[in-house]
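Asker: I'd like to go over a predicted model; first the sequence, then the structure.
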Amino acid sequence: MYENNIKNIGDAQNGDKQALEDLINDNSGLIYSIVKRFKDRGYELEDLYQIAVIGFIKSIKRFDTSFDVKLSTYAVPYILGEIKRFIRDDGLVKVSRSMKELGIRIKEVQKQELQKTGRDLRVEEIAKKLGVSAEEVAAAMDAFLPVESIYQSSYTNEEGAINIIDTLSTQVDESNTITNRLSIRALIDELEEKEKELIVLRYYQGKTQMQVAEILGITQVQVSRIEKRILSSMRMKLVT
């Protein structure tokens, strides 16, 4: 269910409205299953569905067909994020009891696997062990993930906390250099394919370290380590 239709995805990304509509119809069940988690919030489900579709369309535009992940799994955080933004004025989005229970089960399975083999399970592996869909696992994991930002603390030195974005600073005309997309893209193009994919996922698609780890099939600790090394290298190249 919800298999990737590479042709439709590519056509939709190129502006084909019929291909986009087909993808929405093919994944309407997934979209509704997420929308239903927000029932009894004072909003019509049909209104929330339309908001969710916006999130789904965003995921299509940012989806890379070379990734070893289904569009449906990739789209879940975008759909959830769009709904949360829509109702955030009413306060924090409450996580349903069933979602909490699944989140607890996921954490337990991850803990057992880490103790047994020393590795993190991928979304599909967790889903298989728990007998649920990969989309449900992705949704539960997203619900408990903290919001990460390039302005959050990366590490601390003698002068205090250093934000992630600080690791790209040049000390000279920083704002112009950092926001100069051509310079950044040139540096990214020099990276190895896996490193390039990691940076694109983190800073162009807004993925958390946990989500990147799931996509790349490595641990969150490894993502953090690789990311810091890449950013440090990029910073050195920017200042020379």
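Answerer: Right, received. Where do you want to start? Residues are numbered from 1 along each chain as shown.
Asker: So what's the residue count around Asn135?
Answerer: Heads up, residue 135 is Glu, not Asn. 24 (other CB atoms under 10 Å). No exception for glycine: its C-beta is placed from N, CA and C like everyone else's.
Asker: the strands in the protein, which residues?
Answerer: 153-157, 160-163 (DSSP state E).
Asker: what is the mean pLDDT for the longest one?
Answerer: The average pLDDT for strand 153-157 rounds to 49.
Asker: got the buried residues for stretch 7-19?
Answerer: Buried residues in stretch 7-19, counting neighbours by 16 or more other CB atoms under 10 Å, are found at 8-9, 11-13, 19.
Asker: Also stretch 126-142?
Answerer: Of the residues in stretch 126-142, 126-127, 129-130, 132-142 count as buried by neighbour count, 16+ other CB under 10 Å.
Asker: Find the least confident helix or strand in the chain, judged by mean pLDDT.
Answerer: helix 174-178 (a mean of 37; mean pLDDT, DSSP states H and E).
Asker: Tell me which residues touch the residue nearest in space to the middle of the chain, please.
Answerer: Nearest to the geometric centre of the chain sits Lys207, at 3.2 Å (CA atoms, centre = their mean). Going by CB atoms under 8 Å, 6 or more residues apart in numbering, Lys207 touches 201, 215.
Asker: Next, give phi and psi for it.
Answerer: phi -80, psi 150 (degrees, to the nearest 10).
Asker: The residue nearest to Glu195 when sequence neighbours are not counted: what's it in contact with?
Answerer: Closest residue to Glu195 apart from its sequence neighbours, by CB to CB, 6 or more residues apart in numbering: Ile230 at 5.5 Å. Contact analysis of Ile230 by CB under 8 Å, 6+ apart lists 191, 195, 198-199.
Asker: export the residues you listed to a markdown table and tack on pLDDT?
Answerer: Below are the contacts of Ile230 laid out as a markdown table (pLDDT from 0 to 100):
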| residue | pLDDT |
| --- | --- |
| Leu191 | 83 |
| Glu195 | 86 |
| Leu198 | 88 |
| Ile199 | 86 |
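Asker: which of those has the most neighbours?
Answerer: Leu198 (24 neighbours).
Asker: you'd agree that residue is up against Val212?
Answerer: Yes. Using CB atoms under 8 Å, Leu198 is in contact with Val212, at 6.0 Å.
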